[in-house]
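>>> With the input below, show me the fold.
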Amino acid sequence: MTQYDVVIRGGTLFDGSGELGYVGDLAINEDRIVSLGNVGEATGCREIDATGLAVSPGFINMMSWACTTIIQDGRVVSDIKQGVTLEVFGEGESYGPLNESMKVGFGPIGQPLEALGINIGWTTLGEYLQYLEDKGVSPNVASFVGAETVRIHELGYENRKPTPDELARMRELVREAMREGAVGVASALIYSPGAYADTDELIALASAAGEFGGIYASHMRNEGDQIFEALDELLTIARQAQVPAEIYHIKLASQAVWERYDELIEKIDAARAKGLRITADMYTYPAGSTGLDALMPPWANEGGVQKWIERLSDPETRARIRQEMLTPSTEWENMFLSVGPENVLLVDFNNKSLRKHIGKTLAEVAKERDTHSADTAMDLVVEEGDRAMAVYFSQSEDVVRKMTAVPWVSFCSDAPAMATEAPFLETSVHPRAYGSFARLLAKYVREEGILSIEEAVRKLAALPAENLSLEHRGQLAPAFFADIAIFDPKKIQDHATWDDPHQYATGMVHVLVNGKLVLENGEPTGAKPGRFVKGPGARSTIVGNE
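Numbering: from 1, shown residues only. Below you'll find the model as predicted:
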């Protein structure tokens, strides 16, 4: 009688193809799926009864900021409890390549890695990802190489074009990362110094990634009033670099353009019809989250945080920054005007004296202090000594609802992965850190019927795996890696809220990564079988020319 390592019996299999689910069994040996359908009298060393449950490929978090929290807690509980089996890092900033000067103070906002007790023992991006695998993490990990990171590597925080020699070195850093296994190169064009890159620079970096089958991903230069111009830039980069392109966390982040949703989708569909491989990802909330630097012109923090604070502390320069914050502009995405201080919710400070403001809007704190909201934002940055984090209520729920059903849109958290315990409870966070994927299945699939569970699973797993050219990931099929989510479609539910974000999603019953249970009966097992999942450049020869 045949015996497998694991047999999952009687669940409804949603294989990632988008086709109707069917009741059946699934067998695993070691780290691979070996059989689907009916395993008959075969047994498993481990048997899982999935009767009444959905069995799907594990979900891919297309834009994760768990790069530091995964070092602090390799279980990645908030995401595992939603079925995420692969975290993809690198929105503009990646954890390699680093030179020695970059390692000083490197880390998340206001928290250098050394302050968290983390020794930066790696230099390249591949070394960082291998470090995670060797250390032990529950999910798989992958990453883009950051366009901002290679720029800082060669130019520091200067606002200028790279010289030909500098650009050549930047391109070679991208190539090195691709050879190591990066999935592409990514930019974040509203933040300095990433915002200092012009279109030609981005084309040069994207084409270097394209030599190895990589893609270009971008937090576009504008997601609000100038979103169509920003999209034109992304399409130009994709066309001239001859690479696929991914729009990070696609949204319409200004009420002035909400009604142009159909026009935006039609424009992307038209580009796709002409042969450009344009895709996008999104989180399932009508609000984003970033630092208070998003309220100020990008030139204000040229040279890094200390230079920024010096400018904010200089009366003449501060007056110029204030004036630009209060003036409509097509040169940068002015979120102070497009979102408004009454829609900016303060969620995190490292300065303990400022934590009393967590949960208040910028407008409310300005009223308490009897200062203009623009001055309040600048004061908070000076007092915090860094960006500080806020939630920006800039989007339309109707647009979010429609976007979830777009066939070329996958999903992300755009957040760290956390746990409802120390040290994570010391800070607040956007609820998407705990609920983005569960919210899709609960609100938009089960409750509102915006898309079917079959289509949701395709967009959660197979679509991003295809976009990233990952081998044997994202589907339930023989020879594919056994990254599997088993959940109750009737009970899957997000619980995180704006006021109380540290709440786990429920309804995810079991999760396997590379054939090992990392979530069992809704609780993390502590197993850490996650691997460094490599992009096409680590598997093939160069496909283009210098």
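
>>> now the strands for the stretch 301-450 of the chain?
According to DSSP state E, counting those that start in this stretch, the stretch 301-450 of the chain carries its strands in the segments 344-348, 389-392, 409-411.

>>> Take those strands and lay them out in CSV including mean pLDDT.
As requested, the strands of the stretch 301-450 of the chain are arranged in CSV below (pLDDT from 0 to 100):
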stretch, mean pLDDT
strand 344-348, 91
strand 389-392, 92
strand 409-411, 98
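
>>> Tell me which residue is most central in the protein.
Centrality entry for the chain: nearest residue to the mean C-alpha point is Met63, 1.6 Å, by CA atoms, centre = their mean.

>>> Could you identify the longest strand within this structure?
If you go by DSSP state E, the chain has its longest strand at strand 3-13.

>>> Other residues contacting that one?
For strand 3-13, the surrounding residues in contact (CB atoms under 8 Å, 6 or more residues apart in numbering) are 21-30, 34-36, 39, 42-56, 476, 482, 484, 486, 512, 515. Yep, even glycine has a C-beta here, placed from its N, CA and C like the rest.

>>> Is Leu173 part of a helix or strand, or is it coil?
helix (DSSP: H, G, I helix; E, B strand; the rest coil).

>>> out of everything not next to it in sequence, what's closest to it?
Val150 (4.4 Å; CB to CB, 6 or more residues apart in numbering).

>>> now Val344
Leu362 (4.2 Å).

>>> returning to that earlier point: list the buried residues of the longest strand of the chain.
For strand 3-13, a neighbour-count test (16 or more other CB atoms under 10 Å) marks Tyr4, Asp5, Val6, Val7, Ile8, Arg9, Gly11, Thr12, Leu13 as buried.

>>> Which one of those is nearest to Arg160?
The nearest member of the buried residues of strand 3-13 to Arg160, counting by CB to CB, is Leu13 at 54.8 Å.

>>> Next, find the distance separating that closest one from Glu19.
For Leu13, the distance to Glu19 (CB to CB, to the nearest Å) stands at 10 Å.

>>> shared neighbours, the two?
Between them, Leu13 and Glu19 share no contacting residue, judged by CB under 8 Å, 6+ apart.

>>> State the number of residues packed around the residue nearest to Leu312 when sequence neighbours are not counted.
The shortest distance from Leu312 to any non-neighbouring residue, by CB to CB, 6+ apart, is to Met378 (4.8 Å). Under the neighbour criterion other CB atoms under 10 Å, Met378 is assigned a count of 25.

>>> same check, this time on the one 3 residues further on
When neighbours are defined as other CB under 10 Å, Val381 has 23 of them.

>>> so what are the domain limits for this protein?
3-57+487-492+503-524, 59-289+395-470, 294-392 (automatic domain parsing).

>>> which of these is buried the deepest?
domain 59-289+395-470 (a mean of 21; mean count of other CB atoms under 10 Å).

>>> Show me how far stretch 170-177 is from its chain's centre.
22 Å (CA atoms, centre = their mean, to the nearest Å).

>>> who's in contact with it?
Residues contacting stretch 170-177 (CB under 8 Å, 6+ apart): 94, 96-97, 124-126, 145, 150-151, 153-154, 162, 182, 185, 201, 204-205, 208-209, 211-212, 537.

>>> For Gly44, which non-adjacent residue is spatially closest?
Val7 is the one closest to Gly44 (CB to CB, 6+ apart), at 3.1 Å.

>>> Can you list the low-confidence ranges for this structure?
110, 540-546 (pLDDT under 70).

>>> Try it again at 80.
1, 109-110, 539-546 (pLDDT under 80).

>>> quick one on the thing from earlier: the residue nearest to Leu312 reaches Arg322, doesn't it?
Yes - at 7.2 Å, Met378 counts as touching Arg322 under the criterion of CB atoms under 8 Å.

>>> Looking at the contacts of strand 3-13, which are in strands?
Checking the contacts of strand 3-13 against DSSP E, those in strands are 22-29, 34-36, 43-49, 54-56, 484, 486, 512.
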